[in-house]
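> no sequence on hand, only this structure:
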């Protein structure tokens, strides 16, 4: 189990423990984090699981693929640490990471 925290746009933090090998998107859905919509169910085709990842964990994350990068061009308020949560698998190296969520996925 890995402990991570989802932080909504209003600053509310939702600490959770989740199973390694689960995506951040699925962990959010499993824990009723409403700021992750996940319309496509994790197929990297809708960008409604957009999140901002802690830059301190960059070395622990997989490189962004072309499709994810293209999908992120569709999100409002893209930042340098924007990622799609469906593309990030939870690993023990992510222990303690805070995932910030945008005000809206649309």
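Good, I have the coordinates. Everything numeric in this text was worked out from a predicted model, so none of it was measured.

> mind jotting down where the helices sit in the chain?
For the chain, the helices defined by DSSP state H cover 24-30, 66-72.

> would you quantify the distance from the residue nearest to the spatial centre of the chain to residue 42?
Central residue of the chain (C-alpha atoms, centre = their mean): residue 85, 3.0 Å from the mean position. Noted for residue 85: a distance of 9 Å to residue 42, by C-beta to C-beta, to the nearest Å. C-beta coordinates here come from the backbone N, C-alpha and C atoms, glycine included.

> hmm, back to that, could you dump the helices of the chain to CSV with mean neighbour count, distance to residue 101 and mean pLDDT?
Listed next are these as CSV, based on neighbours: other C-beta atoms under 10 Å; distance: least, C-beta to C-beta, whole Å; pLDDT from 0 to 100:
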stretch, mean neighbour count, distance to residue 101, mean pLDDT
helix 24-30, 22, 8, 98
helix 66-72, 15, 14, 97
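
> export those to a markdown table and append columns for distance to residue 13.
A markdown table is the format used below for the helices of the chain (distance: least, C-beta to C-beta, whole Å):
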| stretch | distance to residue 13 |
| --- | --- |
| helix 24-30 | 13 |
| helix 66-72 | 24 |
